[in-house]
Each structure stands twice: as structure tokens, then as C-alpha cells.
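**Student:** Quick one: sequence plus predicted model below, questions after.
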Amino acid sequence: MPKTLLHATNIAHSFDYELFSNIDFTLKEQQSIAIVGRSGSGKSTLMHIFSSFIKPNEGSVTLLEKDVYALSEEKVEELRRNDLGIIFQAHYLFKGMTALMNVEIATLLSNQNIDNELLERLEIKELMHQKIGELSGGQQQRVSIARVLSKKPKIIFADEPTGNLDKETAKLVMDVLLEYIKKENAGLILVTHDEEMAQLCDKSFKLEQQALKEM
Ligand SMILES: Nc1ncnc2c1ncn2[C@@H]1O[C@H](COP(=O)(O)OP(=O)(O)OP(=O)(O)O)[C@@H](O)[C@H]1O
Ligand SMILES: [Mg+2]
């Protein structure tokens, strides 16, 4: 039986107005789930709630059997460092360092080794000695994905990971993410505007009218 990686119950959140309410969501090992919806519908906010960064107004989030908004700051940090892989729109690579150093920092912090196969698969192996500032936007994006996967997280939260990639490279990144979750028994939540990318996942949900509906 695949284990549950993430379980969210009865989530509600508002900023100036109510973004959503009554959201229930479950992610299991080896499962990939896409979330689509119009700009401003609250997808990124929901990802932040699921991934330990925003405490919702209502409801609870369990990550790897831990009630995440009841944990100490220290335990949350530990969970983020070892088990969560966050691929968000803005990627925070260290600009003055090489691509390799950026990946090494993540592997050192999480006690893992650099996965050369992964670098090859993402077609960035040959440019690991270049400084981040010397790489194209799409190359930087793939370095940041390599950095996230190198720490071998159990749950990957990807918010528009293929946003500024050409179709072919986007498909490559999706394939890498989907292969990763099968191989490592992990799970993927993907926010995307791209229907084609969403269809590659096991399930898709649409966030609209304050609710998450399965498509
Ligand atoms: N920290 C915040 N404080 C106040 N309002 C916020 C905050 N974060 C998001 N919002 C508002 O919540 C709404 C949803 O934002 P969110 O970023 O979740 O949308 P989204 O579905 O990810 O959109 P996009 O597809 O454009 O990325 C927006 O109206 C936004 O202005
Ligand atoms: Mg967003």
C-alpha cells in the first residue's frame, strides 16, 4: 500500500477576500497531482499552505504524518531541509557561485551525494562548472531543479517549474520529475497553466470558485 505523504483537511484561507474553503487533499507515494486555475485563483497560496510556509485560517496539513502547523520551528526546518523539495517560480541560486557549488550546498545540508545521472538527464552536466550568472534562464531553472532533487525529497512542490522553458525542455523537466517520484517513492504536486503538462500527472484539479474540483 502506498503511504500518504500529504493530507490536508478542510483548508480555508483569505487575504482581502476568501480565496478558498473546505479544501481536502491527499497525496500518496508515487503519485503526481496537477493543480490548474486562473491567475489569482490562489494556486500559489495553496502550495504555500501545503508546503509549511503559510498557516491557513482554517484546517490542518499533515506532511509525512506530522501536523505541520503544530510543529516547533526547529522541526519544521528539519522537515523542509530533508523531506520537502520546493520548486517555486523564483529560484534562489547563488549567482556568484558555479552551478556545481549550488547543488553541492543542498547535498551537504541533507547528507546526500551529487547524482550525476540526474545532471546528465537534465542536460546540464557539461555546464556545472560555469557560474550561475553565465547560464541562460532555462539552464538556471534546470540547475535549481537538480539542486532540489539532489537532496532526495519525499514531496516535491513545483509551482510553474516549466514556466519559461520551451516545449521540448519543459517535457524533459516533467519526465525527470515523474521518473524521480517513481524511483524514490516520492510524490509531486504541480501547479501549471499548461494543460499538456497537467495531463502527464495522475490526477488534475482545478481551483475555481473557491473550490478544488477534480477534472
Ligand atoms: N501575502 C499576501 N498578502 C495579501 N494578498 C495576497 C498574498 N499572497 C497572495 N495574495 C493575493 O491572493 C490572490 C491569489 O494569489 P496566488 O499567488 O495564490 O494566485 P495564483 O493562482 O498562484 O496566480 P498565478 O497563476 O498568477 O500565479 C491574489 O489576489 C493575490 O493578490
Ligand atoms: Mg502563482
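**Tutor:** Looks like it arrived, so ask away. Numbering: from 1, shown residues only. Ligands and ions are numbered 1, 2, ... in the order given.
**Student:** make it CA atoms for all contacts and neighbour counts henceforth
**Tutor:** Noted.
**Student:** Model confidence for T162, exactly?
**Tutor:** In this model, T162 is scored at 86, pLDDT.
**Student:** biggest helix in this structure by residues?
**Tutor:** Longest helix of the chain, by residue count under DSSP state H: helix 167-184.
**Student:** What helices and strands are in contact with it?
**Tutor:** strand 187-191 (3 or more CA pairs under 8 Å, 6 or more residues apart in numbering; DSSP states H and E).
**Student:** Can you point out the buried residues in the strand it packs on?
**Tutor:** G187, L188, I189, L190, V191 (16 or more other CA atoms under 10 Å).
**Student:** Where does the residue nearest the centre of the chain sit: helix, strand or coil?
**Tutor:** Nearest to the mean C-alpha position of the chain, counting by CA atoms, centre = their mean, stands F157 at 1.8 Å. Look at F157: counting by DSSP: H, G, I helix; E, B strand; the rest coil, its state is strand.
**Student:** Show me what it is bridged to.
**Tutor:** Applying DSSP bridges to F157 gives these bridge partners: I86, I189.
**Student:** From what I see, it and I86 are in contact.
**Tutor:** Yes - using CA atoms under 8 Å, F157 makes contact with I86 at a distance of 5.0 Å.
**Student:** picking that back up, which residues touch the residue nearest to the centre of the chain?
**Tutor:** M47, S51, L84, G85, I86, I87, F88, L188, I189, L190 (CA atoms under 8 Å, 6 or more residues apart in numbering).
**Student:** Need the overlap of contacts for F157 and I86.
**Tutor:** Common contact partners of F157 and I86 (CA under 8 Å, 6+ apart): S51.
**Student:** Could you grab the helix/strand/coil label for G138?
**Tutor:** helix.
**Student:** which residue sits closest to it, ignoring its sequence neighbours?
**Tutor:** Nearest residue to G138 in three dimensions, chain neighbours excluded: L165, at 5.7 Å (CA to CA, 6 or more residues apart in numbering).
**Student:** What is the neighbour count of the one you found?
**Tutor:** 17 (other CA atoms under 10 Å).
**Student:** swap in the one 5 residues further on?
**Tutor:** The number of residues packed around A170, counting by other CA under 10 Å, is 18.
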